[in-house]
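K.L.:
here are the coordinates; sequence isn't available:
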């Protein structure tokens with residue numbers, strides 16, 4: 001068992017430390033600097049005790065690095081291994097696993113016989129109070145520095161530090177991004193005359209009312225696992241139609257089944273310094289009513305705001321709109 005903890009109240013003046021080990025009282029052969037804010041003190045140790053005094057920092061660093069590595073790896077890889085997991089299940093799983101390397105820090109190492117500490121034998125409790133596990137060392141330090149020494153009602157070396165939560169924090173921030181990257185957006189549009197149900201791999205995911213005209217709120221936006229899937233659509237009173245699709249991680253997709261006679265295209269409109277390019281029309285070519293969109297869509301099924309021409313004073317940018325209409329009224333070059 002370790003001896004009772006002592007606290008030495010040191011004034012901010014030059015410190016004179018004893019010449020024996022702060023842990024086992026053997027002859028000091030080396031030392032370790034303890035800092036807290038602007039205060040620092042050189043604590044003497046024998047070679048053997050310096051190893052376990054330095055081990056605390058090494059263990060904390062190993063736990064933090066291991067936690068961060070698990071957080072990053074699982075945030076990106078778990079959606080591929082467990083694609084059916086919901087966003088919240090994924091986040092909670094990644095955060096929980098990232099905490100595992102921190103668990104051993106909750107258990108204190110065993111103190112070897114003849115020693116007074118399992119890790120550090122002295123540490124700052126505040127900028128004026130130094131905790132010492134060796135009463136002899138505390139008394140000697142008090143005598144040489146003219147400082148008061150007392151026995152606290154309770155106290156132990158701190159086990160956790162703020163930076164140890166870096167791994168769970170990375171998990172909490174990165175897990176949603178990883179899940180959404182591997183669960184890309186699929187905009188599903190019903191251009192038939194009846195209500196449509198949509199299933200993926202035999203699991204119903206949406207039920208849509210018909211929307212024959214352009215409308216920014218038309219259809220439904222889903223996040224589905226990336227990879228190869230079977231998308232099945234069934235119109236009320238009609239037969240089910242199956243389509244094999246490949247969803248790409250990080251991409252945006254459009255699925256408009258049973259949309260014969262309808263055309264889709266992208267409109268790129270420049271603003272500010274890009275205003276001179278006007279509006280560029282990019283037709284969408286594909287089969288079975290499924291497209292992997294080559295651009296990020298800013299406006300769904302509506303035109304972009306009108307451009308005012310080039311303006312060199314404004315950096316501006318480019319907005320992309322996804323448009324849709326019967327092929328007979330579509331811009332030239334967009335009809336198949």
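P.N.:
Cool, the structure landed. This one's a predicted model, so the numbers in the text were calculated from it and none came from an experiment.
K.L.:
Could you measure from the residue nearest to residue 316 when sequence neighbours are not counted over to residue 298?
P.N.:
Spatial nearest neighbour of residue 316, chain neighbours left out: residue 272 (1.8 Å); criterion: C-beta to C-beta, 6 or more residues apart in numbering. C-betas here are computed from N, CA, C, even on glycine. Going from residue 272 to residue 298 by C-beta to C-beta, to the nearest Å gives 15 Å.
K.L.:
now do residue 250
P.N.:
17 Å.
K.L.:
excluding its backbone neighbours, what's nearest residue 127?
P.N.:
residue 39 (4.6 Å).
K.L.:
Settle this for me: the one you found is touching residue 123, isn't it.
P.N.:
No: here residue 39 does not reach residue 123: they are 11.4 Å apart, not a contact under C-beta atoms under 8 Å.
K.L.:
State the number of residues packed around residue 222.
P.N.:
17 (other C-beta atoms under 10 Å).
K.L.:
Residue 30 too?
P.N.:
Using other C-beta under 10 Å, residue 30 has 12 other residues around it.
K.L.:
Would you map the strands across the stretch 101-250 of the chain?
P.N.:
122-126, 129-132, 148-150, 185-188, 196-200, 203-208, 220-223, 227-235, 240-247 (DSSP state E, counting those that start in this stretch).
K.L.:
In the first one, which residues are buried?
P.N.:
When burial is assessed from 16 or more other C-beta atoms under 10 Å, strand 122-126 yields the following buried residues: 122, 123, 124, 125.
K.L.:
Can you check what pLDDT the model gives the residue nearest to residue 127?
P.N.:
pLDDT for residue 39: 86.
K.L.:
measure it to residue 79 for me?
P.N.:
Going from residue 39 to residue 79 by C-beta to C-beta gives 47 Å.
K.L.:
what does residue 334 give?
P.N.:
35 Å.
K.L.:
try residue 264
P.N.:
Taken as C-beta to C-beta, the span from residue 264 to residue 79 is 28 Å.
K.L.:
One more: residue 248?
P.N.:
For residue 248 relative to residue 79 (C-beta to C-beta), the value is 13 Å.
K.L.:
now residue 59
P.N.:
31 Å.
K.L.:
Please apply the same query to residue 138.
P.N.:
According to C-beta to C-beta, residue 138 and residue 79 sit 54 Å apart.
K.L.:
likewise residue 157?
P.N.:
40 Å.
K.L.:
which of the two has more neighbours?
P.N.:
residue 79 (24 against 17).
K.L.:
got the contact list for that one?
P.N.:
85, 90, 178, 179, 181, 182, 183, 225, 226 (C-beta atoms under 8 Å, 6 or more residues apart in numbering).
K.L.:
same thing with residue 27?
P.N.:
19, 20, 21, 46.
K.L.:
Sketch out the low-pLDDT regions of this structure for me.
P.N.:
Applying pLDDT under 70 to the chain flags residues 1-3, 12-15, 153, 274-277, 287, 309-315, 335-336.
K.L.:
what domains does the record give for the protein?
P.N.:
6-180, 184-329 (automatic domain parsing).
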